[in-house]
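Asks: structure of the sequence below:
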Amino acid sequence: MNNKIFGIFILLFFIFISPVFAVPDNDNDNDGEYDEIGNYDFLYGGSDADYNYDVAAVDNMLDEAFSHIGARYRSGQSGPHAFDCSGFTSYVYGKLNIQLNRSSRDQYSQGEPVVKNDLQSGDLVFFTSPRSGRSIGHVGIVVDVNHVNGSFNFIHASIKGVKVSNSNDAYYARRYVGARRVM
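Replies: Model prediction:
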């Protein structure tokens, strides 16, 4: 008998508590029903992520960047057939009529700072390099972000040419300095 009473209690609890976990139906059909909560933004960006950025512009920029995969590295070069890291970023952004300073250190002063948890495709990411000490010495462009494990892929002109690397690669993980949003 106690099991039946307990079962009825649980059933009534879920019947009365379920409206608390639903949101009003906003499709204006006045049927009085509730919709499930369907906001999964927390999976794709930090709490302060900017969802108003120009997706088409970022896609165009990344298309331009990827068109140079394999291009040679040459110190002091800014494309289109050879690049150094800041030459690559300034060339790619330049195709969108966004002027970046020529050195990675100077690019680090442009735009708005972005915390790692709020990175988006198109953001500039900065690293130290063996020659720069603790100062900025390398820059790349975020391709995509994995907010579950905190890593990101970025395209950049490395000494092996233009390629995509991951922030969790040991070389880059220990040299990450910060990010800037210019778009």
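Asks: mind giving me the domain split of this structure?
Replies: 2-38, 52-181 (automatic domain parsing).
Asks: rank these by mean pLDDT and give me the bottom one.
Replies: Least confidently modelled of the domains of the chain is domain 2-38, at a mean of 52 by mean pLDDT.
Asks: tell me which stretches of the protein form helices.
Replies: 2-17, 55-66, 85-94, 104-107, 170-173 (DSSP state H).
Asks: just the strands in the protein please.
Replies: In the chain, the strands defined using DSSP state E lie at 23-24, 34-35, 72-73, 82-83, 112-114, 124-127, 138-146, 151-158, 161-166, 176-181.
Asks: related to what we said a few turns ago, tabulate the domains of the chain (TSV), appending mean neighbour count.
Replies: Backbone N, C-alpha and C define where each C-beta goes, glycine included. TSV is the format used below for the domains of the chain (neighbours: other CB atoms under 10 Å):
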stretch	mean neighbour count
domain 2-38	9
domain 52-181	17
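Asks: kindly state the beta-bridge partners for Val139.
Replies: Judged by DSSP bridges, the bridge partners of Val139 are Phe126.
Asks: surely it is in contact with Ser86?
Replies: Yes. Judged on CB atoms under 8 Å, Val139 makes contact with Ser86 at a distance of 5.5 Å.
Asks: next, the distance between the ends of stretch 163-174.
Replies: Criterion CA to CA, to the nearest Å; first-to-last residue distance in stretch 163-174 is 19 Å.
Asks: ok, and what's touching it?
Replies: Residues from elsewhere that reach stretch 163-174 (CB atoms under 8 Å, 6 or more residues apart in numbering): 69-70, 125, 127, 140, 143, 149, 151-156, 158, 176.
Asks: farthest-separated two in those residues?
Replies: Distance extremes for these: the farthest pair is Gly70 and Asn149 at 27.6 Å, using CB to CB.
Asks: isn't Gly161 right next to Ala71, touching?
Replies: Yes. Counting by CB under 8 Å, Gly161 touches Ala71, with 5.9 Å between them.
Asks: name the residues that touch stretch 60-79?
Replies: Applying CB under 8 Å, 6+ apart, the contact partners of stretch 60-79 are 80-84, 86-88, 90-93, 95-96, 102, 121-122, 141, 143, 155, 157-164, 183.
Asks: if we use 6 Å, what do you get?
Replies: 82-84, 87, 90-92, 95-96, 122, 141, 155, 157, 159, 161-162 (CB atoms under 6 Å, 6 or more residues apart in numbering).
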